[in-house]
Each structure stands twice: as C-alpha cells, then as structure tokens.
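Asker: Just need the structure, nothing else, for what follows:
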Amino acid sequence: MVKLLTALVGSALLVEQAWAHPGHDLAKELKARNDYLDTLESRDLTHCAKHFEKINLQQKIAVRRVQIAAKLREERGFADGMPHLAI
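Answerer: Prediction:
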C-alpha cells in the first residue's frame, strides 16, 4: 500500500512538472546558461592583490588572529607559554 502510494505521488509530481512547463527545452536552457557562464571573467580577488599589499592586509589579519587566540586562551585558563597540546 505504501509503495503504491509513493509511486502515485511521484508520478503526480512528474506529471505536474510536465504541465507546468509545456514545450520547455532543457537543452536550449542549458546551452544558454553555459554560453553566459563562458562570458564571465574569473571571480577572484587577484585584481585586489596590490591594494591588499598596500594596506598590509596579511599583517593585520595575522595580528587579529593572534589577538583572538590570546583572548580564547585567557578565557579557557591557559597560560601564555603553555603548549597547545599536552604531551
């Protein structure tokens, strides 16, 4: 009974999709999407590298992480010179 109900619900969902988009050409849509994606330039931050170097971003990030680590160690009661892993 449960398998039959599952099959009927699945079939109904597939039929609903076919009625909702009659004549829809998925291959055409995928080609258009791929054509669009091929026209996009790389989306990374390499164009910002000179600016990052100019404002010394890596140094600021490193200092911030050290400060966060020190704060967390203090909150948890670890001494400054204490190793991270007990041996």
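Asker: Tell me the helix or strand right after the least confident helix or strand in the chain by mean pLDDT.
Answerer: When each helix and strand of the chain is scored by mean pLDDT, DSSP states H and E, helix 2-20 comes last, with a mean of 67. Downstream of helix 2-20, the next assigned helix or strand under DSSP states H and E is helix 26-39.
Asker: mind saving the C-alpha coords of the very next helix or strand once past that following helix as CSV?
Answerer: Proceeding N to C from helix 26-39, the next assigned helix or strand is helix 49-54, under DSSP H and E. C-alpha atoms of helix 49-54 as CSV (Å, rounded to 0.1, in the frame of the first residue of the first chain):
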residue,chain,number,x,y,z
ALA,A,49,46.3,42.0,-4.5
LYS,A,50,48.2,45.2,-5.0
HIS,A,51,45.7,47.1,-2.8
PHE,A,52,45.9,44.3,-0.1
GLU,A,53,49.7,44.6,-0.1
LYS,A,54,49.5,48.4,0.1
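Asker: centre of the chain versus helix 49-54, how much separation?
Answerer: Offset of helix 49-54 from its chain centre (Cα atoms, centre = their mean, to the nearest Å): 25 Å.
Asker: Quick one: mean pLDDT over that helix.
Answerer: Averaged across helix 49-54, pLDDT comes to 90.
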